[in-house]
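A.B. asks: Structure for this input, please:
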Amino acid sequence: MKQLQHRTNSAGSSKGCAAEILETVPTVMQFIRAQMRRHRGSDLSVPQFRALAFVSREPGTSLSAVAEFLGLSRPATSQLVEGLVRKGLAVRRIPPGNRRTVALSISGRGEKTVSAARQATERRLSEVMASLGDDDCAIIQRALRALREEFMRVAAPTDW
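C.D. replies: Numbers count the residues shown, from 1 in each chain. Alright, predicted model coming up:
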């Protein structure tokens with residue numbers, strides 16, 4: 001944590017905080033993605049796993065939302081999701097009254113797959129964070145909690 005304060009010219013300011021977020025979050029996310037991919041299971045491609053994790057976070061989501069998240073076309077996403085359905089990891093359903101929409105949800109088996117990857121990733125993150133010590137970890141937890149709450153307050157999910 002002391003390094004963080006020395007690296008930022010305007011420590012404590014919103015500008016310095018924004019700069020540190022832009023510098024730090026991509027590195028942390030790269031680490032998390034690598035760990036999640038490592039523990040996704042050998043029968044899933046990375047795009048399939050990303051889709052499954054997205055559906056887990058957004059139950060009842062549409063095929064279009066998954067396509068936008070993955071950066072794929074709707075036909076390519078439909079094929080990818082069909083593979084998840086065939087493997088018993090996801091469920092497609094057509095909501096009553098709107099036959100043009102497909103709602104996607106994760107199956108129990110799919111949830112176990114995502115959960116196992118999350119748990120393994122959390123264990124690895126914990127190992128890395130252990131070197132910081134309890135005081136620094138408590139500071140980081142408070143800061144991340146405040147950050148999450150602020151962004152949940154100011155931005156609707158469609159703003160992402």
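
A.B. asks: Residue 12: which element?
C.D. replies: Per DSSP states H and E, residue 12 falls between elements, in no helix or strand.

A.B. asks: Name the single longest helix found in this structure.
C.D. replies: In terms of residue count, the longest helix belonging to the chain (DSSP state H) is helix 14-38.

A.B. asks: For this structure, which segments count as strands?
C.D. replies: Shown for the chain, the strands assigned by DSSP state E span residues 61-62, 90-93, 103-106.

A.B. asks: any idea which of those is most buried?
C.D. replies: strand 103-106 (a mean of 20; mean count of other C-beta atoms under 10 Å). To be clear about C-beta, it is placed using only N, CA and C from the backbone, and glycine gets the same treatment.

A.B. asks: helices or strands next to it in the packing?
C.D. replies: helix 46-57, strand 61-62, strand 90-93 (3 or more C-beta pairs under 8 Å, 6 or more residues apart in numbering; DSSP states H and E).

A.B. asks: Mind checking the ones you listed for the one nearest to residue 71?
C.D. replies: helix 46-57 (9.3 Å; C-beta to C-beta).

A.B. asks: which of the residues in that closest one are buried?
C.D. replies: 47, 48, 49, 50, 51, 52, 53, 54, 55, 56 (16 or more other C-beta atoms under 10 Å).

A.B. asks: got it, and stretch 102-120?
C.D. replies: 102, 103, 104, 105, 106, 107, 110, 113, 114, 117, 118.

A.B. asks: Next, format these as CSV and append pLDDT and distance to residue 12.
C.D. replies: Shown next, in CSV, are the buried residues of stretch 102-120 (pLDDT from 0 to 100; distance: C-beta to C-beta, whole Å):
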residue, pLDDT, distance to residue 12
102, 82, 48
103, 90, 46
104, 94, 44
105, 94, 44
106, 95, 42
107, 95, 47
110, 94, 44
113, 93, 42
114, 93, 38
117, 93, 36
118, 92, 33
